[in-house]
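> From the sequence below, what's the structure:
(chains A, B, C and D)
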Number of protein chains: 2
Amino acid sequence: MSGAAPAIKPEVMKQLFHPEIEDVLPADVFAALGDPIRLGILVSLADCDEVDKARCGAFTELASPSLLSYHFAKLREAGITRSRAEGTVRFLSIRREEFDRRFPGLLDSVIETARRDPSVPRVKLDV
Amino acid sequence: MSGAAPAIKPEVMKQLFHPEIEDVLPADVFAALGDPIRLGILVSLADCDEVDKARCGAFTELASPSLLSYHFAKLREAGITRSRAEGTVRFLSIRREEFDRRFPGLLDSVIETARRDPSVPRVKLDV
DNA sequence: CGACAATTTCAATGATTGTTGAATCATGAG
DNA sequence: CTCATGATTCAACAATCATTGAAATTGTCG
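Modelled structure (predicted):
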């Protein structure tokens, strides 16, 4: 709606692509949530969220590094999470404000649903 | 939890399988919601719901009969909808109370999310 | 520099998905 | 009984998915 064109830098773009929150579609969000490992990542983030302090490497109980990377990308491309690189480490966080503005109330009930269910795996993220 | 065993009639079971709501997993629900046609069926049902009065044949604007049948099955197997056969016609409805008991608040925000988004197709179900 | 650690990428795999069109199966009408 | 109708099933297909393990990438530290 605002005139600001994306103006994406292609070199940086190759990795760590984050969609504009306006471009995210409901069906894509739900598809991204349709996997137990990804739900596990989400609730673990939600239950830790000392915002932006969750290292990607803290999720190794859930899957192998390469598979985790795959799932991180799915969540990121669905507009649910943000990945920030800092040195050799990556931090993962929920795009809370943006996402809540785009889909009010949705994330809360999704997280609550996942949190309540024992079929969703969890990771204790150190504070 | 309650002692009442399912006691399912196998002849009727072959088609129209509905899972026990307790057996439905969050990831399966979200996977079922991860498709625009299925979201369209859901919001159309939610916006009509003169409960149990929605014929399957009323959704033909969304897809071909055979594809609709496929999507109906997905929603049904995810515990979201109920399909009732009456003569040569089938009626479709949302498993509201059960689902809300199993996942409180979830369906409301899912439907609201889908309703608000123009990417989700809709069908006007005659009252 | 060179070894190391944290992640991502790549190639390969089998499984599942969404879609199509033809065939099938009931049921109710004539 | 036969025929049309509403809906599901089946076979086929390309596309995408989740998963694996090996290789490449990037930054840190000695």
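> Show me which residues of chain A sit near DNA strand D.
Taking Cβ under 7 Å from any atom of the strand, the part of chain A that reaches DNA strand D is made up of A:31, A:34-35, A:37, A:63-64, A:66-67, A:70-71, A:74, A:85, A:87-88. All C-beta spots, glycine's among them, are computed from the backbone N, C-alpha and C.
> which ones are touching residue A:85?
A:16, A:91 (Cβ atoms under 8 Å, 6 or more residues apart in numbering or on different chains).
> Go again with 7 Å.
Counting by Cβ atoms under 7 Å, 6 or more residues apart in numbering or on different chains, residue A:85 makes contact with residue A:16.
> Repeat that for residue A:28.
Listed by Cβ under 7 Å, 6+ apart, the contact set of residue A:28 reads residue A:78.
> switch to 8 Å and redo it
A:77, A:78, A:79, B:34.
> repeat for residue A:39
Residues near residue A:39 by Cβ under 8 Å, 6+ apart: A:33, A:114, A:120, B:26, B:27, B:30.
> So which of the residues of chain A next to DNA strand D wins on neighbours?
When neighbours are counted by other Cβ atoms under 10 Å in any protein chain shown, residue A:34 leads the residues of chain A next to DNA strand D with 21 neighbours.
> State the pLDDT value of it.
Residue A:34 is assigned 98 on the pLDDT scale.
> host element of the residue nearest to it when sequence neighbours are not counted?
Leaving out its chain neighbours, the residue that sits closest to residue A:34 by Cβ to Cβ, 6 or more residues apart in numbering or on different chains is residue B:31, at 3.1 Å. In this structure, residue B:31 sits in helix B:26-33 according to DSSP states H and E.
> Next secondary structure element downstream of that helix?
Following helix B:26-33 in sequence order, the next helix or strand is helix B:36-48 (DSSP H and E).
> which parts of that following helix are buried?
B:36, B:37, B:38, B:39, B:40, B:41, B:42, B:43, B:44, B:45, B:46, B:48 (16 or more other Cβ atoms under 10 Å in any protein chain shown).
> Go through those residues and flag the one the model is least confident about.
On pLDDT alone, residue B:48 ranks lowest of the buried residues of helix B:36-48, at 89.
> In this structure residue A:84 contacts residue A:91, no?
Yes. Judged on Cβ atoms under 8 Å, residue A:84 makes contact with residue A:91 at a distance of 4.7 Å.
> neighbour count winner among those two?
residue A:91 (16 against 11).
> Look up how far residue A:70 lies from the more buried one.
For residue A:91, the distance to residue A:70 (Cβ to Cβ, to the nearest Å) stands at 18 Å.
> which residues touch the residue lying closest to residue A:115 once chain neighbours are set aside?
Distances taken as Cβ to Cβ, 6+ apart place residue A:43 nearest to residue A:115, at 5.0 Å, with adjacent residues excluded. Residue A:43 makes contact with A:111, A:114, A:115, A:120, A:122 under the criterion Cβ under 8 Å, 6+ apart.
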